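S.K.: Here is the input, now give the coordinates:
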Amino acid sequence: MNLHDVIISPMVTEKTEAIKNPSAKVNRYTVKVRPDANKELIRQALHKIYNVNAVKINILRVRGKNKRFRQDYFRSPTWKKAMVTLARGQSINFSKSA
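M.R.: Sure, this is the predicted structure:
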């Protein structure tokens with residue numbers, strides 16, 4: 001698997017921006033990752049793409065929700081997100097990727 005394909009996109013919500021805030025004690029970023037990615041692949045991808053060291057990685061599998069459109073029922077896809085804690089003094093600029 002190519003390491004550039006492991007991280008799909010950053011997650012930008014009010015909650016993720018609050019924990020990324022410099023005044024917060026924790027330097028944590030949240031990214032959407034491939035469903036088959038594990039902690040070591042995410043750590044290697046972050047180091048290769050953004051040149052940062054991940055101290056801690058927590059992975060959550062978000063189950064798809066049941067949806068209804070008119071008479072049809074379907075399920076949105078299951079996806080994975082990773083909450084990455086970086087070493088002190090490091091940050092990620094998602095607008096600039098290598």
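
S.K.: The protein: helices as residue ranges?
M.R.: Ranges of helices in the chain, per DSSP state H, are 14-20, 39-50.

S.K.: Least confident of those helices, on average?
M.R.: Set side by side, those give their lowest mean pLDDT on helix 14-20, at a mean of 82.

S.K.: That one packs against which elements?
M.R.: On a contact count with 3 or more C-beta pairs under 8 Å, 6 or more residues apart in numbering; DSSP states H and E, helix 14-20 meets strand 28-33. Just so you know, the C-beta spots here come from the backbone N, C-alpha and C atoms, and that holds for glycine as well.

S.K.: Give me the distance from the strand it packs on to the chain's centre.
M.R.: From the chain centre to the centre of strand 28-33 is a distance of 2 Å (C-alpha atoms, centre = their mean, to the nearest Å).

S.K.: about what we covered before: turn the helices of the chain into TSV, including mean neighbour count and distance to Val62.
M.R.: Listed next are these as TSV, based on neighbours: other C-beta atoms under 10 Å; distance: least, C-beta to C-beta, whole Å:
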stretch	mean neighbour count	distance to Val62
helix 14-20	12	14
helix 39-50	17	16
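
S.K.: Tell me which of those lies nearest to Lys67.
M.R.: Closest approach to Lys67 among the helices of the chain (C-beta to C-beta): helix 14-20, 23.0 Å.

S.K.: Give me the residues contacting that closest one.
M.R.: Helix 14-20 has contacts (C-beta atoms under 8 Å, 6 or more residues apart in numbering) with 24, 26-30.

S.K.: please redo it, this time with the cut-off set to 6 Å
M.R.: 28-30 (C-beta atoms under 6 Å, 6 or more residues apart in numbering).

S.K.: Which of the residues you listed sits closest to Lys67?
M.R.: Among the contacts of helix 14-20, and counting by C-beta to C-beta, the member closest to Lys67 is Thr30, at 23.6 Å.
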